[in-house]
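Chemist: here's a sequence, model it:
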Amino acid sequence: GVEGITGLSTIVSGVYIEMEPSSGTRSQSAFTGLEEPALAKPDAAGRSFTVSSPDLGSLTRGSPISYHGVSVGEVEGYVLAPDGQHVTVTIFIRAPYDRLVHPETRFWNAGGVDVSVGAQGVRIRANSWQQLVGGGIAFETPVTALNGEPSAQGAAFSLFDTQGAATREPRRGQQLVYVASFPGNLRSVDP
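Modeler: I've put the predicted structure just below:
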């Protein structure tokens, strides 16, 4: 995976079953195994959310999630919606960073290289090497929203293709539309 190579001991010793004991005191003798190991420990502090996108892109289980370039979580899994029209991705944001997720938060696909051409010329932006290789998600919350109540466990969000698309999407509240007229050419105006 993106984080490195794990499970090399199975090459030498064969297949094995791994378990993570819970912090509870209740005794149990029957268990249901998972097809894939959980990325976060069962008692890990933080919250899970879902983001939806028309396609998965380069995201995989374990893809990093960042906030202002700092790794704060990972992709836990994904499923194709029953109607086949979008993919729902489950993400986990570790505490205390889970308090940064609010209803006004915008998530975008941060994998690969973002190339844009504008009035200032060509702009190329690359993310961390982990996001370049295995995809990733970044998010941002307006400073004014951070004073409000964080989003609850399981809250759903849209996953935008780029940071530009995420910031262009209208936020909550009344929208105002402005029209500007320019008498000359607009070469130096960046939309």
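Chemist: got the buried residues for the lengthiest strand in the chain?
Modeler: For the chain, the strand with the greatest residue count under DSSP state E is strand 70-80. Neighbour counts over strand 70-80 (16 or more other Cβ atoms under 10 Å) mark V72, G73, E74, V75, E76, G77, Y78 as buried. In short, each C-beta sits where N, CA and C put it, glycine included.
Chemist: so, low pLDDT: which residues of the chain?
Modeler: Using pLDDT under 70 as the threshold, the predicted model of the chain has low-confidence ranges 1-16, 21-25, 36-42, 111-135, 169-175, 187-191.
Chemist: could you pull out the helices for it?
Modeler: Taking DSSP state H as the criterion, the chain carries its helices at 9-13, 129-134, 163-168.
Chemist: how about the strands in this structure?
Modeler: Along the chain, counting by DSSP E, strands occupy 46-53, 64-67, 70-80, 87-94, 106-109, 113-118, 121-126, 137-140, 156-160.
Chemist: let's have those strands in CSV, adding distance to T32.
Modeler: What follows is the strands of the chain, written out as CSV (distance: least, Cβ to Cβ, whole Å):
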stretch, distance to T32
strand 46-53, 19
strand 64-67, 28
strand 70-80, 17
strand 87-94, 19
strand 106-109, 31
strand 113-118, 42
strand 121-126, 42
strand 137-140, 29
strand 156-160, 26
